[in-house]
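[1] Predicted coordinates and the sequence they were generated for:
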Amino acid sequence: MKIHRILIGCLPMQIAFFLLLTTFHQCSGDETSFVHTPFNITQMTGENITIPCIVHASEDVECHWLLNSHLVFPSANKYSFNRLSSNGDCSIKISNLNMKEDDGKWECQVYLKQLYIAPAVRVTILMPPEKPKILYKQSVPEDGKIMVKANETTQLECLSTGGNPVPELNWILSGLMVEENKSFKNISTGFIKSTLTYMFDKTMNGARLVCDSRHQLVNEFDSVELDVVYKPEVRIDEDVITVEEGSDLRNIFCHVEANPIAKIKWIDTMNPKILYSDYKELRLTNINKEQNNRVFECFAENEIGRSNIDSFKLNVLYEPRILSESDNQRVQLGNSVSLECKIDSNPEPTINWYHLSVLTGDLKKVAQSESTDQSILLIKNVTYSDEGDYYCEGSNKINDQVKLVRSRDINIKVTGPPALLKDKETEDGNLEGRSVIDLEFCSDPIPTMVYWKASSCRLVSPNIPDESDQNDQRTEGSCQRYSTALRLMRNQVFKENDQSSSNCYRATLIINETKMEDQINYELVVENRLGKMEHSIKLNVNSPISLILLVILVLITFILLLAIGFLVIVVLRRKHKGSENMNDDVLKEEAQTISHKGDLENGGSKTDFNQLNLNTSNDSYELVYANLDFPPREQTNEQLLQSNNLNLQQQQLLQQKPVGQTKPMQMKFDLPTANKRVPPQVRPKPQIRPQPRQTNGSTEYAKLTFNKADL
């Protein structure tokens with residue numbers, strides 16, 4: 001009854017009722033089993049196939065075939081099988097395979113007293129798919145190109161139809177398989193669609209996207225070229241561009257990357273108008289210093305949008321220029337004064353201040369602290385020595401060339417009570433001579449009173465000084481040995497009508513026939529309408545005897561130094577002479593040793609080389625030189641001299657011998673005696689007296705003859 005229910009659910013109602021009655025009617029019989037069961041078959045369309053289904057049977061059996069759960073009946077030129085088989089063969093032959101009619105699941109059922117069902121099998125009709133198609137926005141792209149926006153999600157589809165079984169679809173981008181962001185959907189038998197969701201970037205512009213279809217019968221593909229559009233991106237190579245004033249600017253490019261092509265714009269931020277449009281290169285001519293630190297911006301636009309902004313700063317190099325400078329200053333003594341010298345340049349200038357002294361005429365650089373503003377010179381606690389002209393210099397370097405600018409002179413005039421220039425406490429004078437005491441002071445306004453105090457004397461100087469030496473003020477009475485003078489200190493650097501040099505003076509006190517009691521303190525008093533100055537100075541009276549002693553000491557020191565130098569020279573010369581005598585002794589000892597060796601080889605007696613045989617008749621001497629290892633005769637005189645270690649004078653004489661000479665050479669030398677030295681200019685020249693050369697094997701002798709007069 002269970003099998004009956006299955007049939008009722010699977011077959012049409014009429015057939016099920018018929019089989020049910022038949023099954024109920026034939027409920028008994030021999031046991032039946034399948035000999036050959038069906039199997040899966042894959043075949044091309046239009047071909048013929050046979051699906052086997054054979055059972056063991058001793059009597060007729062009923063055969064039934066179902067396709068996709070629908071009964072199939074025998075038909076001419078299509079399906080052929082036995083509805084009633086006497087041998088148990090229920091196999092079906094399918095002719096002219098067709099995908100729509102024959103592709104699917106086939107099932108064989110055999111009825112013999114009961115129903116036997118074979119396992120269902122799959123009949124696949126191979127059919128090549130059509131070429132796949134890539135769809136963008138539900139349509140096929142024109143010209144095989146699609147336009148997508150960079151960095152935005154894009155969806156594409158690949159559709160394949162007519163294939164059985166459906167093909168395998170793969171996406172390939174620039175030769176690489178896309179493994180993610182894809183999905184598949186079987187629309188119906190023979191139809192499949194793959195969807196790709198992807199975010200493309202600008203580097204994929206121009207790349208090719210492929211949909212690849214893989215099937216048992218054929219491989220096909222479809223592809224599109226990606227037109228990835230994006231807004232422009234701009235770039236300038238340099239952040240700061242340096243150029244010299246007056247020159248032109250070239251080759252400054254705004255590099256743009258964009259799709260589609262963008263329009264380029266340059267803007268001067270100080271003057272926000274468009275300089276150039278659609279030009280990558282920025283050109284500026286005759287650049288001036290007003291354009292220094294100017295910022296130029298570049299951007300671009302296309303249909304997708306506007307780019308970022310890139311910029312560069314213009315660094316204009318120009319030489320120093322004076323912007324402002326202080327006027328002449330008049331300052332009270334002891335106050336502070338500030339001088340200003342504003343200089344503009346690029347690079348930043350180095351500023352130095354200089355002072356031309358009204359007193360000395362010296363030009364000196366004014367030292368300043370590095371931490372302060374160099375364009376401002378601050379002078380604190382002003383004194384009269386600060387008077388004079390000041391100026392500043394600004395310099396920089398452009399292309400290894402120093403550029404310099406100088407301000408005009410700024411005069412500082414100091415006013416106030418009289419003040420001493422140099423604090424001098426003592427002055428030297430000469431006993432019984434003329435002593436002079438000088439003090440320098442400044443006063444602006446001019447002094448109204450200048451006088452010296454010397455003991456009980458009050459010595460008044462002229463009220464109106466000039467440059468003359470005839471303004472001495474003589475005194476009378478007990479103070480008649482004193483006289484005073486007041487002279488204006490004017491430096492030749494300044495013109496005579498220049499009032500900057502008219503406020504410093506030299507007050508002089510002259511003491512004639514100076515005595516020891518004049519060694520006291522003297523006081524200078526100077527007054528003007530702004531104040532008064534008093535300064536005391538002591539006179540030191542020096543005795544002439546002390547000066548004579550000083551001179552004697554200097555002379556004695558000088559003589560001692562000369563004597564020491566002379567002694568050093570004598571000692572050095574004697575040491576040198578002693579070293580020469582030692583060298584002569586060494587040579588004699590070596591000659592004696594050689595002579596002694598030669599005598600022993602000849603069987604003779606010992607001979608003292610240093611012994612001289614004196615011939616009383618002619619007062620002549622003979623010196624014998626023996627060479628134990630005399631070189632072959634064909635050797636040159638140079639080699640002979642080197643081997644025998646002759647002294648320099650002997651070498652010079654031997655070099656005068658011709659190369660071909662074979663006779664022994666006899667030379668006459670001047671030898672110093674112990675008690676007599678002949679000056680070089682009167683000493684007689686040695687005379688060479690030929691003597692026969694004596695040889696004995698390898699030993700050769702040379703005899704030198706000289707007279708006592710030669711010594």
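    Here it is on my side, so go on. Residues are numbered from 1 along each chain as shown.

[2] Apart from its neighbours in sequence, what residue is nearest L378?
    Of all residues not flanking L378 in the chain, S338 sits nearest, at 5.1 Å (Cβ to Cβ, 6 or more residues apart in numbering). C-beta: built from backbone N, CA, C; applies to glycine.

[3] what about the residue nearest to Q43 when sequence neighbours are not counted, how many neighbours?
    Spatial nearest neighbour of Q43, excluding adjacent residues (Cβ to Cβ, 6+ apart): I49 at 5.3 Å. Residues near I49, counting by other Cβ atoms under 10 Å, number 15.

[4] Okay, buried residues for stretch 452-465 please.
    452-454, 457, 459, 461, 465 (16 or more other Cβ atoms under 10 Å).

[5] same deal with stretch 323-340?
    By 16+ other Cβ under 10 Å, the buried positions in stretch 323-340 come out as 325-326, 329, 331, 333, 337, 339-340.

[6] can you name the two of these that are farthest apart?
    Pairwise distances across those (Cβ to Cβ) peak at 24.2 Å, for the pair E325 and L333.

[7] thought S543 was touching L431?
    Yes: with contact defined as Cβ atoms under 8 Å, S543 reaches L431; the gap is 5.1 Å.

[8] Between these two, which has more neighbouring residues?
    Neighbour count, other Cβ under 10 Å: between S543 and L431, L431 has more, with 18 against 12.

[9] residues contacting that one?
    514-516, 541-544 (Cβ atoms under 8 Å, 6 or more residues apart in numbering).

[10] Pull the most distant pair out of those.
    Taking Cβ to Cβ, no two of those sit farther apart than K515 and P544, at 13.3 Å.

[11] Please enumerate the shared neighbours of those two.
    431-432.

[12] hang on, the earlier thing: distance of the residue nearest to Q43 from N98?
    Distance from I49 to N98, counting by Cβ to Cβ, to the nearest Å: 12 Å.

[13] now do L560
    Distance from L560 to N98, by Cβ to Cβ: 145 Å.

[14] Looking at the two, which is more packed in?
    N98 (14 against 10).

[15] Tell me how far that one lies from S345.
    In terms of Cβ to Cβ, N98 sits 97 Å off from S345.

[16] And for E142?
    65 Å.

[17] Which residue of these two possesses the greater neighbour count?
    A direct count of neighbours by other Cβ under 10 Å for E142 and S345 places S345 higher, at 21 against 7.

[18] In terms of helices and strands, where is that one?
    Per DSSP states H and E, S345 falls inside strand 337-346.

[19] How far away from the center of its chain is that strand?
    Put simply, strand 337-346 sits 34 Å off its chain's centre (Cα atoms, centre = their mean, to the nearest Å).

[20] other SSEs contacting it?
    strand 310-325, strand 329-332, strand 350-357, strand 376-379, strand 388-398, strand 401-406, strand 410-420 (3 or more Cβ pairs under 8 Å, 6 or more residues apart in numbering; DSSP states H and E).

[21] What's the mean pLDDT across it?
    In this model, strand 337-346 has a mean pLDDT of 95.

[22] quick check: angle from that strand to strand 410-420?
    150 degrees (axes from the mean of the first three to the mean of the last three Cα atoms, to 10 degrees).

[23] Sheet partners, orientation included, of strand 337-346?
    Its sheet considered, strand 337-346 pairs with strand 310-325 (antiparallel), strand 376-379 (antiparallel) by DSSP bridges.

[24] Can you give me the buried ones in the shortest one?
    Going by neighbour count (16+ other Cβ under 10 Å), the buried part of strand 376-379 is 376-377, 379.

[25] Show residues contacting it.
    Contacts of strand 376-379 (Cβ under 8 Å, 6+ apart): 336-341, 353, 366, 368, 372, 386, 390, 392, 412.

[26] Report how many residues lie close to E233.
    Here the number of neighbours of E233 (other Cβ under 10 Å) works out to 15.

[27] Let me fix that, I meant to ask about K575.
    9.

[28] want to throw the buried residues of stretch 323-340 into JSON lines with distance to V358?
    Below are these laid out as JSON lines (distance: Cβ to Cβ, whole Å):
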{"residue": "E325", "distance to V358": "20"}
{"residue": "S326", "distance to V358": "18"}
{"residue": "Q329", "distance to V358": "14"}
{"residue": "V331", "distance to V358": "14"}
{"residue": "L333", "distance to V358": "15"}
{"residue": "V337", "distance to V358": "15"}
{"residue": "L339", "distance to V358": "16"}
{"residue": "E340", "distance to V358": "21"}
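
[29] Show me which of the residues you listed is closest to D362.
    The closest of the buried residues of stretch 323-340, once distances to D362 are taken by Cβ to Cβ, is L339, at 18.7 Å.

[30] how near is the closest one to Y384?
    Relative to Y384, L339 is positioned 17 Å away (Cβ to Cβ).

[31] now the stretch 401-550 of the chain, which segments are flagged as low pLDDT?
    Scanning the stretch 401-550 of the chain for pLDDT under 70 picks out the ranges 462-478, 490-502, 544-547.

[32] This completes my enquiry, with thanks.
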